[in-house]
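**Q** Sequence below, structure please.
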Amino acid sequence: MSIAPIAPVSAVAPTIAPVAAQSPTGGSSFAAQLGRGLETLQAAQDKADNLAVSAATGSLTDVHDYMIASTEASLATKLTVAVRNKALDAFNEIMRMQA
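**A** Residues are numbered from 1 along each chain as shown. Sure thing, here's the model as predicted:
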């Protein structure tokens, strides 16, 4: 009984051509995205503040508008804090790699 030898493994060739790195937003930079996110956060907070003043003065006819704006501002703030925390974690990890 003859046993066939094990053939060496050849290098795996990529089956998909590499794609050049492209920005998913059509060319805008990460800093521009962050800037727009902060502007959106500020606008949501301003809207909620204005509606809170209207509710306090009695000129707000629909309290639901204030509740929705307040919730939107709260969620936008939480998202911004989460993104900041992830960015800080990534920065700290990079700094640990260099040490």
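
**Q** Now for residue 80: which residues touch it?
**A** By Cβ atoms under 8 Å, 6 or more residues apart in numbering, the contact list for residue 80 reads 37-38, 41. All C-beta spots, glycine's among them, are computed from the backbone N, C-alpha and C.

**Q** among these, which are in helices?
**A** Among the contacts of residue 80, the subset assigned to helices under DSSP state H consists of 37-38, 41.

**Q** ok, back up a step: now, among the contacts of residue 80, which is nearest to residue 59?
**A** Comparing these against residue 59 with Cβ to Cβ picks out residue 41 as the nearest, at 25.4 Å.

**Q** Checking residue 2 next. Helix, strand or coil?
**A** For residue 2, the secondary-structure state derived from DSSP: H, G, I helix; E, B strand; the rest coil is coil.

**Q** now swap in residue 7 and tell me
**A** Following three-state DSSP, we place residue 7 in the coil state.
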